[in-house]
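> got a sequence here, can you model it:
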Amino acid sequence: MEKRTTEDDLNYCKSIFGLLENLEQVQFDRNELTRKFSSKVEKRLNSAIAIFSLSVPVVILVAALIYFALDKKHEVDVKFLTNYTLVSIPIIVVSFVLLYELSRAKFVTKVKKALVKSITQKYEDELNEIDNKSESIVKNPAFEKHVLPDEFLSSAFISYSINQIETGNAQSLDEVIEGLKSGNPSLQDTTEVKTLYGRESDYLANR
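The predicted model follows:
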């Protein structure tokens, strides 16, 4: 294996640090996209439920008006309309609650998918773009060199390594890692059991 110089390690760290920053941005963009998608879906479903809820008393009123129109013995008066208006409020509330609970049932999944189809398609297209960016970063040759074990591929450790090498406190990444192994408390917080790189790699493998 070709021996690395101090400059090689420093350049490697700077390259990895830039890639990790880009990976953090990708993860942020994905989380933000998913958050907005969930919010839009919730609003779309609630709007549909509200429309259906409002339509219930309207349908009943129309049916009543037709009945009165056909039955010459009864006429629509102000008292009827006033009473119906008061009754329609709890009808709307009850309808909304029932429809909301119904929307959470598994057998209405197809209906929900149809209501949010346009939103879902756009979300999936944008998610694929983000995932493609992530994949291009994860597959960058700098990562594939495997100069560092995965647990050291964190922004905190790489940033610390750059500082140590630039200030002359370490001549190589090996020295920085040795400092970690010797129990230097300032270094122990810079490693992660599962780094962002590792999480992204697993995500891309399982999507």
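
> where in the chain is pLDDT low?
1-2, 64-81, 84, 102-109, 111, 183-193 (pLDDT under 70).

> remind me, longest helix of it?
Longest helix in the chain by number of residues, with DSSP state H as the criterion: helix 6-70.

> list the buried ones in the following helix or strand past that one?
As assigned by DSSP states H and E, the chain's next helix or strand after helix 6-70 is helix 78-103. Within helix 78-103, the residues that qualify as buried are 88, 92, 95-96, 99, 103, counting by 16 or more other C-beta atoms under 10 Å. C-beta coordinates here come from the backbone N, C-alpha and C atoms, glycine included.

> redo those residues as TSV? Include distance to Lys194.
Shown next, in TSV, are the buried residues of helix 78-103 (distance: C-beta to C-beta, whole Å):
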residue	distance to Lys194
Ser88	55
Ile92	49
Ser95	47
Phe96	43
Leu99	42
Ser103	36
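
> which one of these is nearest Asp8?
Ser103 (58.5 Å; C-beta to C-beta).

> picking up where we left off before, so what secondary structure elements neighbour the longest helix of the chain?
helix 78-103, helix 109-115, helix 117-138, helix 141-144, helix 155-166, helix 173-181, helix 196-206 (3 or more C-beta pairs under 8 Å, 6 or more residues apart in numbering; DSSP states H and E).

> winner for burial among those helices?
Highest mean neighbour count of the helices and strands packed on helix 6-70: helix 155-166, a mean of 19 (counted as mean count of other C-beta atoms under 10 Å).

> list the contacts of the spatially most central residue of the chain.
With distances taken as C-alpha atoms, centre = their mean, the residue of the chain nearest its centroid is Thr34 (2.8 Å). Contact analysis of Thr34 by C-beta atoms under 8 Å, 6 or more residues apart in numbering lists 123, 127.

> 10 Å - rerun?
123, 127, 130 (C-beta atoms under 10 Å, 6 or more residues apart in numbering).

> related to what we said a few turns ago, can I get the helices and strands packed on helix 6-70 in CSV including distance to Leu23?
Shown next, in CSV, are the helices and strands packed on helix 6-70 (distance: least, C-beta to C-beta, whole Å):
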stretch, distance to Leu23
helix 78-103, 37
helix 109-115, 32
helix 117-138, 5
helix 141-144, 10
helix 155-166, 9
helix 173-181, 19
helix 196-206, 6
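
> so which of those gets nearest Asn22?
Going by C-beta to C-beta, the one of the helices and strands packed on helix 6-70 nearest Asn22 is helix 117-138, 5.4 Å.

> before we move on, the earlier item: looking at the contacts of Thr34, which is nearest Leu20?
Checking the contacts of Thr34 against Leu20 with C-beta to C-beta, the nearest one is Ile130 at 16.3 Å.

> still on that earlier bit, and of the helices and strands packed on helix 6-70, who's closest to Leu10?
Of all the helices and strands packed on helix 6-70, helix 155-166 comes closest under C-beta to C-beta, at 4.9 Å.
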